[in-house]
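> fold the following for me, if possible:
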Amino acid sequence: MKSSQEIPSFKSSGDHSYHRRSFHHDYCNPFIYHIIIKKKKDCEAFGSITGNARIPFGNPGCAAINESLLGKVIAKLILRLPHDHPILKLLQFCVMPDHVHLLLQVLFRSNNHLDFYIDFLKERIAKRYSSETGRQISADDIFEKGYCDKPLYDGRSLDDWYRYIRENPHRLAMRMQYPRFFQCVRNLKIGNHECQAYGNLFFFRNPDKVAVKVSRKFTETEKQQKKKLWHESALKGSVIVSPFISPAEKAIRKDIESLGGNIILITHEAFPERYKPAKHDFDLCSEGRLLIISIGKPAGTPLSREICVSMNSLASLIADNLKTETRGSL
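Here you go, the predicted structure:
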């Protein structure tokens with residue numbers, strides 16, 4: 001078995017890749033990795049979603065993965081990996097229908113590249129599954145070549161990664177059972193604004209929408225009056241629309257969320273090809289409480305006064321129920 005291989009780099013386009021390696025990282029050093037191994041397209045599924053995505057994680061009937069025979073074999077061999085290689089510590093894993101998540105720690109300096117251990121795992125799975133089915137099956141019949149890894153040196157807590165991997169079935173169930181909450185619409189036109197949208201598109205049908213903008217010209221009394229109005233609107237079921245740029249506006253958004261309100265968030269950067277919002281916004285989308293609309297500026301575009309004015313203008317148009325045009329129906 002090989003101890004190293006040619007290492008694919010990050011795509012120059014910035015698009016996501018499931019076979020990427022990090023430049024300048026020593027994959028023989030002790031480290032913690034989040035690893036994703038993808039199923040080959042024509043291979044049978046590793047399992048299927050069961051349960052209700054609306055039931056919170058950990059409660060009876062919540063979303064879970066019903067592992068297939070292949071999925072059960074994969075899970076067993078993952079659990080055995082630290083026994084086969086004591087240099088490894090398995091922190092967390094999840095077998096999904098078309099991929100596997102591993103949170104794996106290399107405890108000591110190794111003579112082998114991380115590839116060695118992933119290839120070992122794949123080949124052991126193929127051998128065991130061949131034995132279980134009476135068929136000759138190779139690792140290449142089950143998995144895509146390579147894998148995706150993320151060395152965890154970005155300061156993010158391990159608890160975040162534990163939670164992210166543990167809640168994968170819930171997120172998949174939400175996307176399957178409530179697809180309209182996760183529909184990414186491009187070529188959306190509101191007035192003269194060319195936009196993209198992600199989240200609960202049914203908010204466009206709600207005639208009761210209120211734009212939030214805290215002006216520097218507001219007196220303290222005016223700020224409190226506006227704040228009270230926006231809180232009351234949210235409690236009545238109005239959809240609150242804003243880019244929530246200033247600290248005062250961000251505080252309003254936090255209040256609206258705590259009140260269980262519905263929000264249309266205006267942002268300026270275009271959605272990447274496989275866009276999925278960060279956990280907080282994803283959870284709000286999964287609850288049907290958030291719609292994110294982008295005005296489509298290139299990624300990395302700094303937030304200028306002109307852009308802020310444009311986003312606030314769009315929020316006002318949406319609140320005024322200006323006709324929205326898109327390819328397909330809402």
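> low pLDDT regions in this protein?
1-23, 154-156, 322-330 (pLDDT under 70).
> report the separation between the residue positioned nearest the centre of it and Asn206.
Note on the chain: the residue nearest the mean C-alpha position is Lys276, at 4.4 Å, using Cα atoms, centre = their mean. Computed with Cβ to Cβ, to the nearest Å, the distance linking Lys276 and Asn206 is 24 Å. (Glycine included, C-beta is placed from N, CA and C.)
> next one: Lys250
23 Å.
> Lys223 too?
From Lys223 over to Asn206 (counting by Cβ to Cβ), the distance is 26 Å.
> next, the distance between the ends of stretch 106-116.
12 Å (Cα to Cα, to the nearest Å).
> sort out which residues of it are buried, please.
Neighbour counts over stretch 106-116 (16 or more other Cβ atoms under 10 Å) mark 106, 110, 112-116 as buried.
> cool, stretch 295-313 as well?
295-297, 307-308, 310-313.
> and what of stretch 248-263?
In terms of neighbour count (16+ other Cβ under 10 Å), stretch 248-263 has its buried residues at 248-249, 252-253, 256-257, 261-263.
> do the same with stretch 219-231
226-227, 230-231.
> again with stretch 267-284
Residues 267-271, 276-277, 281-284 are the ones in stretch 267-284 that count as buried (16+ other Cβ under 10 Å).
> please save the CA atoms from that stretch in PDB.
Output of stretch 267-284 as PDB, limited to C-alpha atoms (Å, rounded to 0.1, in the frame of the first residue of the first chain):
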ATOM      1  CA  THR A 267     -26.700  40.500   1.600                       C
ATOM      2  CA  HIS A 268     -24.300  41.800  -1.100                       C
ATOM      3  CA  GLU A 269     -22.000  38.900  -2.000                       C
ATOM      4  CA  ALA A 270     -23.100  36.400  -4.700                       C
ATOM      5  CA  PHE A 271     -23.900  32.800  -3.600                       C
ATOM      6  CA  PRO A 272     -21.200  30.300  -4.600                       C
ATOM      7  CA  GLU A 273     -22.300  27.300  -6.700                       C
ATOM      8  CA  ARG A 274     -23.000  25.000  -3.800                       C
ATOM      9  CA  TYR A 275     -24.100  27.700  -1.400                       C
ATOM     10  CA  LYS A 276     -25.200  26.800   2.100                       C
ATOM     11  CA  PRO A 277     -25.400  29.400   4.800                       C
ATOM     12  CA  ALA A 278     -23.500  29.100   8.100                       C
ATOM     13  CA  LYS A 279     -25.200  27.100  10.900                       C
ATOM     14  CA  HIS A 280     -27.100  29.900  12.500                       C
ATOM     15  CA  ASP A 281     -28.800  31.000   9.300                       C
ATOM     16  CA  PHE A 282     -29.100  27.400   8.100                       C
ATOM     17  CA  ASP A 283     -31.100  26.600  11.300                       C
ATOM     18  CA  LEU A 284     -33.400  29.600  10.700                       C
END
